[in-house]
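S.K.: Coordinates for the following, if possible.
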Amino acid sequence: MRCWGSRIPDLIDGFIAGALDALHLDGLDQVAKTSEGWSLPRFAYESELWNGFGYRLRSIPSPYVFGGTTVQQPGKFIRDHAFSPTMMDPQLGTIAIVEKLFELDPSLKFGDLLAKVTTRRRSCRRRILYLQARLVWASPRSARPV
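M.R.: Sure, this is the predicted structure:
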C-alpha cells in the first residue's frame, strides 16, 4: 500500500499551478480583465471555441456546451468527422456543470447571468430560442482577448 503522506499538498499545488498555466496559455486568464469580463454567454462561447464549432454547421447547439440541459438536441460527433443525427450525448455539458457549481457555491456566479438553464428535460421553446440566440449563435470575436 502506498502512503502519500506529506506529498499531498505538493500534488494539489502542482495541479493548481498546472491548471492556472493552461488557462494562461489559452488567454482565458485575460477575460476577467476585459470590460465585459466573464459572463454565461462568454463562458459558453469559450467552451464551444475549445471544443470546436462543428455543431454550428449542423445547426444544432453543441452538446459539449449544452449536454444535459433543456437546450440539448439530438446529434453528436461520435468520432472525428463522423456525425450521428440521432444520438443524444449522455455527458453533461459545460453549462450544466457550471450551473451546478453556482448552485453549490453562489460566490462563483458570473456578474450578469442572463437566464437559468435547467437540467430537467422539458419543452421550453421560448427559453431555448433565447439561449440559442444569446449563447450559441452570438460570436463575440471582437470581445476576444488580444
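
S.K.: switch to C-alpha atoms for all contacts and neighbour counts from now on
M.R.: Noted.

S.K.: can you pull out the strands in this protein?
M.R.: Assigned by DSSP state E, the chain shows strands spanning 76-79, 82-84.

S.K.: Contacts for the longest helix along the chain next, please.
M.R.: Looking across the chain with DSSP state H, the single longest helix is helix 7-25. Here helix 7-25 makes contact (Cα atoms under 8 Å, 6 or more residues apart in numbering) with 29, 30.

S.K.: Could you shift the numbering so residue one becomes 11, and keep it that way?
M.R.: Noted, 11 is the first residue going forward, which turns the last one into helix 17-35.

S.K.: then that helix to CSV, C-alphas only?
M.R.: As requested, the backbone C-alpha atoms of helix 17-35 are provided in CSV (Å, rounded to 0.1, in the frame of the first residue of the first chain):
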residue,chain,number,x,y,z
ARG,A,17,3.3,14.8,-0.7
ILE,A,18,-0.5,15.5,-0.9
PRO,A,19,-0.1,19.3,-0.6
ASP,A,20,2.6,19.2,-3.3
LEU,A,21,0.3,17.3,-5.6
ILE,A,22,-2.5,19.7,-5.0
ASP,A,23,-0.3,22.7,-5.5
GLY,A,24,1.1,21.2,-8.7
PHE,A,25,-2.4,20.5,-10.0
ILE,A,26,-3.5,24.1,-9.3
ALA,A,27,-0.3,25.5,-10.9
GLY,A,28,-0.8,23.4,-14.0
ALA,A,29,-4.5,24.4,-14.3
LEU,A,30,-3.6,28.1,-14.0
ASP,A,31,-0.8,27.7,-16.5
ALA,A,32,-3.2,26.1,-19.0
LEU,A,33,-5.7,28.9,-18.6
HIS,A,34,-2.9,31.4,-19.2
LEU,A,35,-1.7,29.6,-22.3
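
S.K.: can you give me the mean pLDDT across that helix?
M.R.: For helix 17-35, the mean pLDDT works out to 75.

S.K.: No further questions, thank you.
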